[in-house]
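K.L.:
generate a structure from the sequence data that follows.
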Amino acid sequence: MKKILVLAFLSLFSLFSALPQAAERSQAISALKEGAEAYKNEDWVSAIFFLRKVVSLPGNASDENYFMLIKSEIYAGEYRQAQTDCEKFIDNFPASPYSEYVRYQNGRLLHLLARNEDAILSLSDFCHQNPDSELFPLAIFWIAEAFYDEYCFDSARGLYERVVKDFPACERAPQAQYKLDLIERREREEKLLYLLKVIGEENLSTREEYERQLRVYALEDESGVRRSLIDAQARIAELEALLEASPEEEGLALVEEPVVEAVAEPVPEVVKSDEKTPLVTKPKNPVVNVIQSVNESSIRVKQTGKGQGTSAVKNTSDATREIGLQALKRKAKQLQYLLDEKEEGSEK
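P.N.:
Numbering: from 1, shown residues only. Down below sits the predicted model:
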């Protein structure tokens, strides 16, 4: 009797323990069906929801279910979660027939997530392990894209050229050719920018030197004009001082000076005669008489101070000085005007 009760208890226990497993299994089958239907209809959000539920149940995380989940996440744009699931797939199903595609997608997703160094390493490993794969040219293209985003244009150009030349039928070949054109254009622009920079620096240095020379010339001209102005003002002051002097003394000096220099009275010669002939004095030279008369007239002018010769010399000297003074004043005004213009130009 006891044996019968034990067997009955064991059968009931196994029945109750199998009920949850059956429920989970039926739930997984239902979710898988819904997920497959959503995947077929390209309803990626619903497919991700149901397929994630399927792989979370024990015993249902197969490589096929994970593969459909990864593709749904890629199509939905959930690259970060898709890359995480790719790493799980590679760790759990290394011998799966979908492993090649998942490894390729893992490298591409790393590039799309801006992890270019990891993407280059992952795709390089894929190319070494699968040189005959149909995904090989695509992997090369994405390696080139990673180099391009990191501004390694020389490395990227070599890989783009390989895609274009060795795999012209690849779907990414036109895009690779476009990127080659962009790299060439960028190189030309960089050369032009460098030339413009060099030319600009040379022009700037030339302009600075030119402006410096202009300032030097302006200072030299200004100093020269100042010196000329100072000399002119000194000359004007000298002439004004001469004009303020006594006009009678100047006029008399001008009249007397040539007379004194010209007058040289000759001494009369005495000629010895013989005993019969008395001493005879030679007559004076008629020129001497004229000089003496001029001297007498000049003496009279000096005594009176009102002679016509003095007034004429005075008037002539005054007119000459006045003309020279006016000319110097005009020159001084011109120099002052030029100096003012130079100072205004330097202030601007």
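
K.L.:
rest of the way, CA atoms for contacts and neighbours
P.N.:
OK.

K.L.:
for Ala28, which non-adjacent residue is spatially closest?
P.N.:
Val54 (5.4 Å; CA to CA, 6 or more residues apart in numbering).

K.L.:
tell me the average confidence for the biggest helix by length in the chain?
P.N.:
Across the chain, the longest stretch assigned as helix under DSSP state H is helix 173-244. Mean per-residue pLDDT for helix 173-244: 81.

K.L.:
how many residues are close by Leu195?
P.N.:
By other CA atoms under 10 Å, 12 other residues sit near Leu195.

K.L.:
same thing with the one 4 residues further on?
P.N.:
Neighbours of Ile199 under the rule other CA under 10 Å: 12.

K.L.:
number the chain from 27, please
P.N.:
Fine by me, first position is 27 from now on; the one you just mentioned is Ile225.

K.L.:
which residues does Ile174 contact?
P.N.:
Slight slip there: residue 174 is Tyr, not Ile. Ala182 (CA atoms under 8 Å, 6 or more residues apart in numbering).

K.L.:
from Asp180, how far out is it?
P.N.:
From Tyr174 across to Asp180, the span is 9 Å (CA to CA, to the nearest Å).

K.L.:
what do you get for Ala260?
P.N.:
78 Å.

K.L.:
and Gln259, by the same measure?
P.N.:
In this view, Gln259 and Asp180 are 76 Å apart by CA to CA.

K.L.:
which one of the two has more residues nearby?
P.N.:
Set Gln259 next to Asp180 and count neighbours by other CA under 10 Å: Gln259 wins out with 17 against 12.

K.L.:
touching, the residue nearest to Ala54 and Glu90? I think so.
P.N.:
No - taking contacts as CA atoms under 8 Å, Val80 lies outside contact range of Glu90: 11.1 Å.

K.L.:
domain map for the protein?
P.N.:
49-217, 219-286+315-373 (automatic domain parsing).

K.L.:
packed most tightly, which of these would that be?
P.N.:
Most buried of the domains of the chain by mean neighbour count (mean count of other CA atoms under 10 Å) is domain 49-217; its value is a mean of 18.

K.L.:
OK, contacts around Lys205?
P.N.:
Lys205 neighbours (CA under 8 Å, 6+ apart): Tyr186.

K.L.:
what about 6 Å?
P.N.:
If a contact means CA atoms under 6 Å, 6 or more residues apart in numbering, then Lys205 has no contacts.

K.L.:
show me the shaky parts of the chain.
P.N.:
The chain contains residues with pLDDT under 70 at 27-50, 247-248, 272-347, 368-369, 371-374.

K.L.:
which of the three states applies to Pro157?
P.N.:
With DSSP: H, G, I helix; E, B strand; the rest coil as the basis, Pro157 sits in coil.

K.L.:
typo on my end, it should be Ala195
P.N.:
Strictly by three-state DSSP, Ala195 counts as coil.

K.L.:
look up how far Tyr236 lies from Lys355.
P.N.:
36 Å.

K.L.:
against Pro120, how distant is the closest residue to Leu364 other than its chain neighbours?
P.N.:
Using CA to CA, 6+ apart and skipping the chain neighbours, the partner closest in space to Leu364 is Val251 (7.6 Å). Look at Val251 and Pro120: by CA to CA, they are 96 Å apart.

K.L.:
cool, thanks, signing off.
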